[in-house]
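S.K.: need the 3D shape of this:
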Amino acid sequence: MSAALDTFVKTMTGPGVFDSLGSGSHSLLLAVLILALFIGLVLYGVYSRGTVVDLVHRSLIVVVPCVLVVGGGYFIFAHDSGDSPRRSAQAAGIQIPDKYWGESDRGMRLAVRGDDQVRRGERETARANLDSAIVAFRRARNPLGEAKAYGSVGDLERGVGNHEQARDAYQRAADLYRNQKHRPGLANVLRGVGELHRQAGRREDAEKAYTEARYLYRLTNDRQGEANVLLSFAELARNLGDNDQARNAYTEALRLYRLERDRSGQAGVMVGLADIDAELGQGDKARAGYEQAREFYREDKQPVGEGDSLIGLGDLDALGDQVSSARERYETARGLYARGRHAPGEAHALIGLGHIERRTGNVNRAIEYFNAALALFRSVRDSIGEAIATQSVRGQAFILTSRSRQRFFGQR
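M.R.: Modelled structure (predicted):
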């Protein structure tokens, strides 16, 4: 998720627990209660009899309700003024009916929990929490919170290959963001839509979505978001074989990531640039890029990213006839992808292992690896990956996994 959207959601997607107090019928009830208390205490002070001590007590009795009236009036005025949290939320299109007091806070907690579970690969519980968040945001009439949750659902469903559900969720999120004229959120969703099209092999649609997303990121001065979409666009160009366009996009993304001090983003670019270098036969340069990217990913505890780096290093070892080293790197990458529950990455590691087994004469074992990769690609409906696995089953030549692999990104 982009920095602008993340900041906005944390600060604006829901009122606090007191936001319904002092609004609508609640404000009238509060004023009546304070007035009744004031009148009652004043009458008691006037008509009761007693000593000097009693007179002091009566004075206090008069002062206290005055303080209550002034304080209560200020409270109501503050909540009805343009500077109040509730009025600010309404100005942003976030309205909370009294009937569902606290639902927006609840929705935000569920959405954050769901996003964390997506990152851990706990997809079923994540979907349940995100669905509950959507219901809570809808009750609270919080369209931006609802849009955020729908965007997360789209990313989740895309990751497991449920393209129809992902498309529906992204569309709902996009409609809500457009209605609210919220450019950062719409840009994030469009990037997710682009990833969905790229995964399904619809390259023109992917390019269109990325281009619109980048335009919106630039309008909102969101360097992080622009870098993210440039990384996706670069991968698309590399997959199409346009290395010059890919390198330009990678280089611009790297510049923006460095400005944002995003090490994981920088590592993602390094892997892409190293893939191009490997394809062009610049092995030493590619190896240096993979190694640096792996170091960044390990420091940030990003197993999927580290797996990407190892796939590239395994390819270079395989090209240099370092069979044992290549096999070890592919196996390690496979384990990292499995830990990150990243099926496409695991499938690419299996492709690499299959080529190693074929080169060493273990054809049957190689076919097992290729078929396992094919099953994983099919499980997430990665049409390009399926074609790669099928070609690997039929072909005899070694294919650089780094050349053919597809990297798809979440809404970082």
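S.K.: where are the low-confidence patches of the protein?
M.R.: 1-101, 396-399, 411-412 (pLDDT under 70).
S.K.: immediately after the helix or strand containing Gly385, which helix or strand?
M.R.: Of the helices and strands defined by DSSP states H and E, Gly385 is found in helix 383-394. Going down the chain from helix 383-394, the next helix or strand is helix 401-404, by DSSP H and E.
S.K.: list the contacts of that following helix.
M.R.: 274-275, 278-279, 311-312, 314-315, 348-349, 351-352, 355, 388 (Cβ atoms under 8 Å, 6 or more residues apart in numbering). C-betas here are computed from N, CA, C, even on glycine.
S.K.: list just the nearest of those residues to Arg141.
M.R.: His348 (44.7 Å; Cβ to Cβ).
S.K.: how many neighbours does that closest one have?
M.R.: A total of 31 residues lie near His348 under the criterion other Cβ atoms under 10 Å.
S.K.: nearest residue to it other than its sequence neighbours?
M.R.: Excluding the flanking residues, the one nearest His348 by Cβ to Cβ, 6 or more residues apart in numbering is Arg405, at 4.5 Å.
S.K.: repeat that for Leu240.
M.R.: Arg203 (6.5 Å).
S.K.: residues in contact with the one you found?
M.R.: His197, Leu236, Asn239, Leu240.
S.K.: got it, and Arg339?
M.R.: Contacts of Arg339 by Cβ under 8 Å, 6+ apart are Pro303.
S.K.: same question, Ala389
M.R.: Applying Cβ under 8 Å, 6+ apart to Ala389 gives the contacts Ala347, Ile351, Phe370, Asn371, Ala373, Leu374, Phe377.
S.K.: among the residues you listed, which one sits closest to Val393?
M.R.: Once Cβ to Cβ is applied, the member of those that ends up nearest Val393 is Phe370, at 4.6 Å.
S.K.: what count of nearby residues applies to the closest one?
M.R.: With other Cβ under 10 Å as criterion, Phe370 counts 26.
S.K.: for it, helix, strand, or coil?
M.R.: Taking DSSP: H, G, I helix; E, B strand; the rest coil as the rule, one finds Phe370 in the helix state.
S.K.: Arg394 is in contact with that one, correct?
M.R.: No. With contact defined as Cβ atoms under 8 Å, Phe370 does not count as touching Arg394 (9.2 Å).
S.K.: what do those two both touch?
M.R.: Common neighbours of Phe370 and Arg394 (Cβ under 8 Å, 6+ apart) do not exist.
S.K.: what helices or strands is the helix or strand encompassing Asp175 leaning on?
M.R.: Using DSSP H and E, Asp175 maps to helix 163-179. Other helices and strands packing on helix 163-179, by 3 or more Cβ pairs under 8 Å, 6 or more residues apart in numbering; DSSP states H and E, are helix 143-159, helix 183-199.
S.K.: backbone dihedrals for Ala249, please?
M.R.: Ala249 adopts backbone torsions of phi -70, psi -40, taken as degrees, to the nearest 10.
S.K.: residues near it, how many?
M.R.: Around Ala249 there are 25 residues (other Cβ under 10 Å).
S.K.: and the one helix or strand Tyr250 maps to, what's buried?
M.R.: Tyr250 is located in helix 243-260, with elements delineated by DSSP H and E. Of the residues in helix 243-260, Asn243, Ala246, Arg247, Ala249, Tyr250, Glu252, Ala253, Leu254, Leu256, Tyr257, Glu260 count as buried by neighbour count, 16 or more other Cβ atoms under 10 Å.
S.K.: wait, which of those is closest to Met270?
M.R.: Nearest member of the buried residues of helix 243-260 to Met270, counting by Cβ to Cβ, is Leu254, at 7.8 Å.
S.K.: show me the contacts for that closest one.
M.R.: Gln266, Val269, Met270, Leu273.
S.K.: farthest-separated two in the residues you listed?
M.R.: Gln266 and Leu273, at 10.5 Å, using Cβ to Cβ across the contacts of Leu254.
S.K.: show me what contacts Arg218?
M.R.: Glu226.
S.K.: how close does it sit to Thr211?
M.R.: According to Cβ to Cβ, to the nearest Å, Arg218 stands 11 Å off from Thr211.
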